[in-house]
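Asker: A structural model of the following input is requested.
(2 chains, ligands or ions: 2)
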Amino acid sequence: MIHLIKIDSEFLREVGEIARFTGRFFSEVIKPKQEWEEFINQCFWIGFKTLTLVGITAFIMGLVMTIQSRPTLLEFGAVSMLPAMVSVSLVREIAPVITALICAGKIGSGIGAELGSMRVTEQIDAMEVSGTNPFKYLVVSRVLASTLMVPLLSSLAIAISLYGGYLGVNIRGNVSWHLYWLQSFGALGYGDFIPSLIKTFFFGFAIGIVGCYKGYNSKKGTEGVGRSATSAVIVASLVVFIIDLIAVQVTDLLGLT
Amino acid sequence: MEKIKSIIEVKNLNKSFGSNHVLRDFSMEVVPGESLVILGKSGSGKSVLIKCIINLIVPDSGEIYVLGQNIRELDQDQMDKLRAEVGFLFQSNALYDSMTVRQNLEFPLRRHWTKEMRDLNAQSAVKEALEDVGLGHTIDMMPAELSGGMRKRIALARTLILKPKVILYDEPTTGLDPITAREISELMLQVQEKYKASSIIISHDMNCIRMTSDRVIMLIDGRNYISDTYENLQNVPDPKVREFFD
Ligand SMILES: Nc1ncnc2c1ncn2[C@@H]1O[C@H](COP(=O)(O)OP(=O)(O)OP(=O)(O)O)[C@@H](O)[C@H]1O
Ligand SMILES: [Mg+2]
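Answerer: Ligands and ions are numbered 1, 2, ... in the order given. Here you go, the predicted model:
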């Protein structure tokens, strides 16, 4: 019991710390002079690291979703609904969340480990001593980059997964390219695309913040670096699901469904 | 600039981490041109002390004057300017491992030099600093490709690039083999000679201390326990002092 309470207060303390860290991010981001060069570097780095993985996974998800849904729809005699149904779930949920989880794994751990090792080898202190604000140089640029890149990657994932869906439909059935897109987009509206896009910005922001927070506050020693990287992935993935949950409630309340 | 009496002055410094009282009323002074060694056991708070001097760690109480300025009263901009005059050689070198040697050396310039100054002079400044440490050929290498001794030299070159008035060395020879350690000590002497910088050297390498020190302060139990020349300290009978020599 006492153990549980201890874990709980540890958890609350961490939530408070992350909130403070986020507050510091906003107070630094509004100050003039951003590190644009580092921001561009980070955007490339994020894209480079995740592009293939996001592409392959999205393609497979599109394909598999279609193959899996087919028997159910067949039972109801609604196979013609297949493109519509699959594309709605891909756009709304599967593609953005899968992309965010991959990014939480790759970007979150990458940033956590990088900043963590910079912390323990005193590189962050060295930046401070040489007159560069390390929070701005390292944290702000990375958080902005992942906030921008995750939505881009998610949009790409949507396109690729829809293409995967097209191939999936055509394994058993015969739907022309034209008809597939007609049916997909017939079922999709702004109410599907816009909330999906908006939530990916939050995913990207959360992944960046959590990765940076874990790395920037890494504990001494190589063990500390490893722990920063792992817990960045775990916390970032969890936050992605929480945001997803909130997003679905908000879109529901706003009647965008 | 008017002549200042002391390069660095520390008065009644206190710092604790939780219940761990690391520095207790620590006071000291560095006079112009002096090489002061601070000697103390591992974990005695040597790194904490010099990190307080450049405001990386904020002390609980006490006063610190660097080049005549009370660092508590400086805003961020003034602090950055002051830090440009103070070179800091980190215990773990702190080379940026995602950057080449050249980029490492240019990094301190981005804040303190204008774009035009950098375009005109950065190249030659980097070259000069690298040649000072005898490693001109490593300019396009990555830190990971260098040996421990070379990394230490590059880190020193990076602190030299802004031509500091005072250099703080955090255990410059720890973790190096005796021959390399000796080379680094000699290099420190050369640097002292060329740049006429004052320095604070943290060390427990007796060879290094003998070679580089004008005066030695022993940091024991968080206090400035004793301060004298290396030769005189050798003959102090106090067992706490003797420990370091035996
Ligand atoms: N950021 C920190 N948070 C908590 N405790 C710290 C922190 N930095 C240092 N300490 C503690 O302060 C004490 C002195 O540390 P310091 O790094 O100054 O030792 P040192 O004299 O430099 O030792 P070494 O020769 O091993 O480098 C240690 O007990 C250390 O645990
Ligand atoms: Mg130390």
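
Asker: after the lowest-mean-pLDDT helix or strand in chain B comes which helix or strand?
Answerer: Sorting the helices and strands of chain B by mean pLDDT, DSSP states H and E puts helix B:109-112 at the bottom, at a mean of 86. Using DSSP states H and E, the next helix or strand after helix B:109-112 towards the C-terminus is helix B:115-132.

Asker: do that next one and chain A meet at all?
Answerer: No - Helix B:115-132 stays clear of chain A (CB under 8 Å from any CB of the partner chain), getting no nearer than 12.5 Å. The way it works is simple: take the backbone N, C-alpha and C, and place the C-beta from them, glycine included.

Asker: and that helix, what other elements does it pack with?
Answerer: Here helix B:115-132 touches helix B:101-106, helix B:109-112, helix B:148-160, helix B:178-195, going by 3 or more CB pairs under 8 Å, 6 or more residues apart in numbering or on different chains; DSSP states H and E.

Asker: pick the most buried one from these.
Answerer: Mean neighbour count (mean count of other CB atoms under 10 Å in any protein chain shown) peaks for helix B:148-160 among those, with a mean of 23.

Asker: let me see the mean pLDDT of it.
Answerer: Helix B:148-160 carries an average pLDDT of 94.

Asker: so what pLDDT did the most far-flung residue of chain A relative to its centre get?
Answerer: Taking CA atoms, centre = their mean as the measure, the residue most remote from the mean C-alpha position of chain A is A:Gly77, 36.3 Å away. We have a pLDDT of 87 for A:Gly77.

Asker: quick one: low-confidence ranges for chain A?
Answerer: Low-confidence segments of chain A (pLDDT under 70): A:1-7, A:256-257.

Asker: tell me which element the most centrally placed residue in it is part of?
Answerer: Centroid-nearest residue in chain A, with CA atoms, centre = their mean: A:Ala100, separated by 2.3 Å. In this structure, A:Ala100 sits in helix A:95-103 according to DSSP H and E.

Asker: what about chain B, any weak spots by pLDDT?
Answerer: Applying pLDDT under 70 to chain B picks out residues B:1-4.

Asker: so what's the residue most central in space within it bridging to?
Answerer: Nearest to the mean C-alpha position of chain B, counting by CA atoms, centre = their mean, stands B:Leu168 at 1.5 Å. Beta-bridge pairing for B:Leu168 (DSSP bridges): B:Phe88, B:Ile200.

Asker: what sits against it?
Answerer: Contacts for B:Leu168 (CB atoms under 8 Å, 6 or more residues apart in numbering or on different chains) come out as B:50, B:53-54, B:86-89, B:199-200, B:202.

Asker: what of A:Lys33?
Answerer: Contacts for A:Lys33 were tallied using CB under 8 Å, 6+ apart; they are A:Lys136.

Asker: before we move on, what SS does it have?
Answerer: Assigned by DSSP: H, G, I helix; E, B strand; the rest coil, the conformation of A:Lys33 is coil.

Asker: sorry, back to before: from the contact counts, what lies against the helix holding A:Ala100?
Answerer: With contacts defined as 3+ CB pairs under 8 Å, 6+ apart, the packing partners of helix A:95-103 are helix A:36-75, helix A:141-172, helix A:190-216, helix A:221-253.

Asker: format the helices and strands packed on helix B:115-132 as CSV; extra columns: distance to A:Ser161.
Answerer: Output for those, formatted as CSV (distance: least, CB to CB, whole Å):
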stretch, distance to A:Ser161
helix B:101-106, 40
helix B:109-112, 43
helix B:148-160, 47
helix B:178-195, 56
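
Asker: so which of the ones you listed is nearest A:Val169?
Answerer: helix B:101-106 (51.3 Å; CB to CB).

Asker: not counting sequence-adjacent ones, nearest residue to B:Ile202?
Answerer: Closest residue to B:Ile202 apart from its sequence neighbours, by CB to CB, 6 or more residues apart in numbering or on different chains: B:Lys46 at 4.5 Å.

Asker: now B:Asn121: closest residue in space, sequence neighbours ignored.
Answerer: That would be B:Trp113: by CB to CB, 6+ apart, it lies 7.4 Å from B:Asn121.

Asker: next one: phi and psi at that neighbour?
Answerer: phi -110, psi 150 (degrees, to the nearest 10).

Asker: I figured it hits B:Ala122, correct?
Answerer: Yes - in terms of CB atoms under 8 Å, B:Trp113 counts as a neighbour of B:Ala122; the distance is 7.2 Å.

Asker: the one residue in chain B that gets nearest to ligand 2 - how many residues pack around it?
Answerer: Closest to ligand 2 within chain B is B:Ser47: 3.1 Å, counting by CB to the ion. By the criterion of other CB atoms under 10 Å in any protein chain shown, B:Ser47 has 20 neighbours.

Asker: skip the chain neighbours and tell me the closest residue to it.
Answerer: Using CB to CB, 6+ apart, the nearest residue to B:Ser47 is B:Asp170, at 5.7 Å.

Asker: was I right about the one you found contacting B:Gln91?
Answerer: Yes - using CB under 8 Å, B:Asp170 is in contact with B:Gln91, at 4.2 Å.

Asker: about what we covered before: now for the helices and strands packed on helix A:95-103, which one comes closest to ligand 1?
Answerer: For those, distance to ligand 1 was read as CB to the nearest ligand atom. The smallest value, 11.7 Å, belongs to helix A:221-253.

Asker: what's that closest one packed up against?
Answerer: Using 3+ CB pairs under 8 Å, 6+ apart, the elements in contact with helix A:221-253 are helix A:95-103, helix A:109-120, helix A:190-216.

Asker: how many residues are close by the residue nearest to B:Ile202?
Answerer: By other CB under 10 Å, the burial measure for B:Lys46, its neighbour count, is 23.

Asker: same question, B:Ile201
Answerer: Other residues lying near B:Ile201 total 27 when counted by other CB under 10 Å.

Asker: residue contacts, it?
Answerer: Contacts for B:Ile201 (CB under 8 Å, 6+ apart) come out as B:35-38, B:169, B:172, B:188, B:208-209, B:212-213.

Asker: same thing but at 10 Å, please
Answerer: Taking CB atoms under 10 Å, 6 or more residues apart in numbering or on different chains, we find B:Ile201 in contact with B:35-39, B:50, B:89, B:167-173, B:185, B:188, B:192, B:208-209, B:212-213, B:216.

Asker: which ones are touching B:Pro59?
Answerer: B:10, B:12-16, B:22-23, B:26, B:48-49, B:51-53, B:71-72.

Asker: just the buried ones from these?
Answerer: B:10, B:13-15, B:22-23, B:26, B:48-49, B:51-53, B:71 (16 or more other CB atoms under 10 Å in any protein chain shown).

Asker: helices - which of those land there?
Answerer: Mapping the buried ones among the contacts of B:Pro59 onto helices (DSSP state H) picks out B:48-49, B:51-53.
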